[in-house]
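Engineer: Kindly return the folded structure for what I paste below:
(chains A and B)
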Amino acid sequence: MAARKRASADASTEPKPQEKQKSQGPTPAEPPTAPLKVKSGFIVKLSLLLLGPYLYLIFRHYKIDQDLKRSILINAGLSIAGFFVTLKLIPVASRYVIRRNLFGYDINKKGTPGGTLRVPESLGIVVGIVYLVLAIVFQYFNFTSDSNWLVEYNAALASICFMTLLGFVDDVLDIPWRVKLLLPSFAALPLLMAYAGHTTIIIPKPLIPYVGLEILDLGWIYKLYMGLLAVFCTNSINIHAGLNGLEVGQTVVIASAIMIHNIMQIGASTDPEQKQAHAFSIYLVQPLLATSLALLSFNWYPSSVFVGDTYTYFAGMTMAVVGILGHFSETLLIFFAPQVLNFLLSLPQLSGFVPCPRHRLPRFDSKSGLLTGTNDGTLVNFTLRILGRMSEKSLCTILLVFQAIACCLCFLLRYFLAGWYK
Amino acid sequence: MTQVKTSLSRTEAWSLTTLSLASVAILVQTFQGDGAPLVASIAFSGLAYALSYAMIRWLGGVFIKAANMDRPETMGAVCAVVYLLAIICFIPFPFYKDIVAATSGGGNRDLVLEVRQIETGRFLHRFPHGKLASYLSAILSLQSVVILGVGDDLFDIRWRHKVLIPAFASIPMLIVYFVDFGVTSIVIPTFLRPYLGELFDLGWLYYAYMAAISIFAPNSINILAGVNGMEVGQSIVIAILILFNDCLYLSPEFLPLSLPKTPLPLSTPGSSSLHPATDSHLFSIYLLLPFLAVSLSLLNHNWYPARVFVGDTYCYFAGMVFAVVAIQGHFSKTLLLLLIPQIGNFIYSAPQLFALVPCPRHRLPKFNARTGLLENSWADFTLPEERFRDELDATSTSNSEAESNGHARKKSRIVTGRHSTLKKPVQSALKLLARFHLIRIEVDSSTGEVLRATNMTLLNLWMVWFGPMREDRLVIGLLTAQAVCGLMGLWVRHRLALWVFTVDNW
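Structural biologist: The predicted structure follows:
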């Protein structure tokens, strides 16, 4: 396959901004490939930070009944196995991928030696495949299931699998961005078609006098909302990208927040149906977190692999699916606050109001090694404009901390509005 | 790089649009009325045909760019994605009433009762909710095989890993089968019942068998391949044969013969039980109609002279569809009967595949540019002169002088002919096959050793029997043979089954 040629001056969302250069294939002295280095120290620290509260909640804080706890722990065990499998498979896949000329150059290192290394692309496919295997095999081990569980679970997996397939095809074929926007809605179809749950929403208490109802049945509009949520989650992660480790990092942070939210709901709730819904979400998010951490250990600064659209679509779809089936999509949207912010900032350029360049990345100064914000409307540039120049690694860390803060704020908000809102 | 047409001609555009509009009209009618899912399935197949025909044409250029080849490869992926869309969008139709009944609570309680009471008539073709999980797991298996197939076409995975791909793709199906259904016993033939009882529990072997079917079907289609239209053509023939078999279970004549072979739950609530096997065969029909549609549209582009190529993805996809319907429908042995030509090709190829007979890089029929026809391709095992002399020198120096006279005489006799690299038993076997007109060989007149043989594939065998012919005649001949074999297989299965078992259902 010919090397990635992103030569078209398509002014819009940057699908994968980290690689851009047209490559003429291997030059006489074959350009070096980025070394596959596992940033284990960083991963260990990050895991402890994110999983600490979660483990505390499961084991100490809440009393969760035995069967449920057992299923969750079996799923956790499978996820940990998945972590190591992904860790082993990424180097193997990288070799195949490089051989097929599916690689890019790191734009944010242009001018330094790092900018001449060939970095394999689309390693999200490894994560997707391992995730699906884990999720499929888990059905064998789940002891707490009701009659509808199998249908919903398989519908969820069918959607995630379809998204991975379409994302991979996009990475290989370079689909124009207008079609790309719609891909997630196709991928969400299994879920929409097989969804047999309720399509009602609870009206927030303050609004009841105006609406006149306590519960509103949206019918097909609910399904439309589900489809739009899928489109939003996938594409918003895709455009909040461009730094080493940003895509995977934000997924990891949000996934941990989701898991904590789920456990809190399981612990605090008395409704068995609600417990089931949140347990369902945990079963799908734990493997996501584990496999993503494995990918992050290669993708964190400086990136040894790039994740491709495959990963961002896969991760976005998984989170949209759990938000829908776990019935906590509003909470999910608050977790996605930075992505929403990024989307709003990008709107002028995406809609064509303001001229939109091919890539909206910050400017890299090879002498100082720092990034400077341009006037493009992305959260990355906005942060740089406010906080001044900084290195790629610090910028990414700050953005991930911002993501974590948004999630914590969400928890606070839920706590304060608990009785008042619903 | 040849220029590939990437737009539809006017006639094509008009006819496809008409087909699409007609299909949409039928769908809307079905949705508003209480129309049978079968009609909806036909409508979706029409849409699938139109969409995949158009997509194959439009995407030709994109695939060339991506694959850097002369002609678009891996077009099977396009078909597979359109097919997946069709069967996903089809979901509400057979499961509609269940989904509606499940979602509406409260005042619509009576609707649920109505569904249970009316078991026949218009609700005949609807499935119980329990089948939705199986349907979704089938979709999941097919998606997995497409991902793996595209990965294989892209990254050229090694043969021994390739073989296992479909087994992994079948795992979703097997797991749901285990969790949801879990029956692993088979019915014993009548004449063995006194010894083994009526049912025999295979346990985990049952799953191994299902995985084996999943491995076998795609790979067998993959090796009976290589000429324009062969892969798609054989898949279409097999699909039509399975559909024909399925339709038999829909007709009332089959009712009297009605005990299931594997213990099926006879009365799942809401199921259409004219015949317990009706559900599984309907399932098979719903999955095969869109498959037939996308394959026909692909054949349009892939028939001789081919403008697009299907790639391994198509073989995996087709094989997996067959494996899925056969496993879920409990008629895997019938599927094997229909795959007899493929099995035959595999057995015939085995000596070369397992290196008993040397296997050249390509065993496809050779194209003769002068006549424009395909001819047999040959495998050559002539021992090169130098190597023969070396071997002879090695043997003769180890002999003593006393026998040199006798050896000298033999030596002069041997050198006048050519020798084979094959061992004696293998040569005798080949000569035996040639006697039965199952291979063509070339023998050296003086040494009597086998120097060349036609490659051992079904395509070559056909030309051993019928001589050189044009590519499309070859494919038509083989497809006809496939159809005839299949029909005979079905006849044997339905006739014999009554003798071997008390009832006719697998």
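Engineer: secondary structure element for residue A:316?
Structural biologist: Under DSSP states H and E, the secondary-structure element containing residue A:316 is helix A:308-325.
Engineer: Would you verify that residue B:453 is located in a helix?
Structural biologist: No: under the criterion used here (DSSP: H, G, I helix; E, B strand; the rest coil), residue B:453 is strand, not part of a helix.
Engineer: need the contact list for the nearest residue to it once chain neighbours are set aside.
Structural biologist: With sequence-adjacent residues excluded and distances taken as C-beta to C-beta, 6 or more residues apart in numbering or on different chains, residue B:453 is closest to residue B:441, at 4.6 Å. Heads up, the C-betas are built off the backbone N, CA and C, glycines and all. Taking C-beta atoms under 8 Å, 6 or more residues apart in numbering or on different chains as the criterion, residue B:441 is in contact with B:430-431, B:434, B:450-454.
Engineer: And for residue A:318?
Structural biologist: If you count contacts by C-beta under 8 Å, 6+ apart, then residue A:318 has A:131, A:160, A:284-285, A:288 around it.
Engineer: repeat for residue A:126
Structural biologist: Contacts were defined as C-beta under 8 Å, 6+ apart; by that measure residue A:126 touches A:86, A:89-90, A:93, A:295.
Engineer: what about 10 Å?
Structural biologist: With contact set as C-beta atoms under 10 Å, 6 or more residues apart in numbering or on different chains, residue A:126 has these partners: A:85-94, A:97, A:291, A:294-295, A:298, A:305, A:307, A:310-311.
Engineer: Also residue B:420?
Structural biologist: Taking C-beta under 10 Å, 6+ apart as the contact definition, residue B:420 lies against B:380-383, B:426-427, B:430, B:443-444, B:447-453.
Engineer: now with 6 Å?
Structural biologist: Counting by C-beta atoms under 6 Å, 6 or more residues apart in numbering or on different chains, residue B:420 makes contact with B:381, B:449-451.
Engineer: And for residue B:217?
Structural biologist: B:319, B:322-323.
Engineer: what is the rounded mean pLDDT of the helix or strand hosting it?
Structural biologist: With elements taken from DSSP H and E, the one containing residue B:217 is helix B:204-223. Along helix B:204-223, the predicted local confidence has a mean pLDDT of 90.
Engineer: Show me how far the helix or strand following that helix is from its chain's centre.
Structural biologist: For helix B:204-223, the succeeding helix or strand toward the C-terminus, using DSSP H and E, is helix B:230-248. Averaged C-alpha coordinates place helix B:230-248 at 10 Å from its chain's average position (C-alpha atoms, centre = their mean, to the nearest Å).
Engineer: Equivalent analysis for stretch A:114-125, please.
Structural biologist: Counting by C-alpha atoms, centre = their mean, stretch A:114-125 is centred 19 Å from the centre of its parent chain.
Engineer: Show me the contact partners of it.
Structural biologist: If you take C-beta under 6 Å, 6+ apart as the criterion, stretch A:114-125 is touched by A:31-34, A:90, A:94, A:97-98, A:102-104, A:106, A:109, A:168, A:171, A:302, A:305-308, A:310-311, A:314.
Engineer: Could you pick out the buried ones from those?
Structural biologist: Buried subset of the contacts of stretch A:114-125 (neighbour count, 16 or more other C-beta atoms under 10 Å in any protein chain shown): A:34, A:90, A:94, A:97-98, A:102-104, A:106, A:109, A:168, A:171, A:302, A:305-308, A:310-311, A:314.
Engineer: residues near residue 299, how many?
Structural biologist: You didn't say which chain, so I picked chain A. 26 (other C-beta atoms under 10 Å in any protein chain shown).
Engineer: my bad, the chain I had in mind was chain B
Structural biologist: Here the count is done by other C-beta under 10 Å, and residue B:299 has 18 residues near it.
Engineer: Same question for residue B:5.
Structural biologist: Other residues near residue B:5 number 10, with proximity taken as other C-beta under 10 Å.
Engineer: pLDDT wise, what is it at?
Structural biologist: Per-residue confidence at residue B:5 stands at 76 (pLDDT).
Engineer: give the contact list for residue B:41.
Structural biologist: B:286, B:289.
Engineer: pull the helix or strand with minimum mean pLDDT from chain B.
Structural biologist: Using mean pLDDT, DSSP states H and E, the weakest-scoring helix or strand in chain B turns out to be helix B:109-117, at a mean of 38.
Engineer: What's the first helix or strand after it?
Structural biologist: Sequence-wise, the next helix or strand beyond helix B:109-117 is helix B:130-155, with elements assigned using DSSP H and E.
Engineer: Could you list every helix and strand in contact with that following helix?
Structural biologist: helix A:149-173, helix B:165-180, helix B:311-328 (3 or more C-beta pairs under 6 Å, 6 or more residues apart in numbering or on different chains; DSSP states H and E).
Engineer: That helix versus helix B:311-328: what angle between them?
Structural biologist: Angle of helix B:130-155 versus helix B:311-328, following axes from the mean of the first three to the mean of the last three C-alpha atoms, to 10 degrees, is 160 degrees.
Engineer: Tally up the residues packed near residue B:340, please.
Structural biologist: 14.
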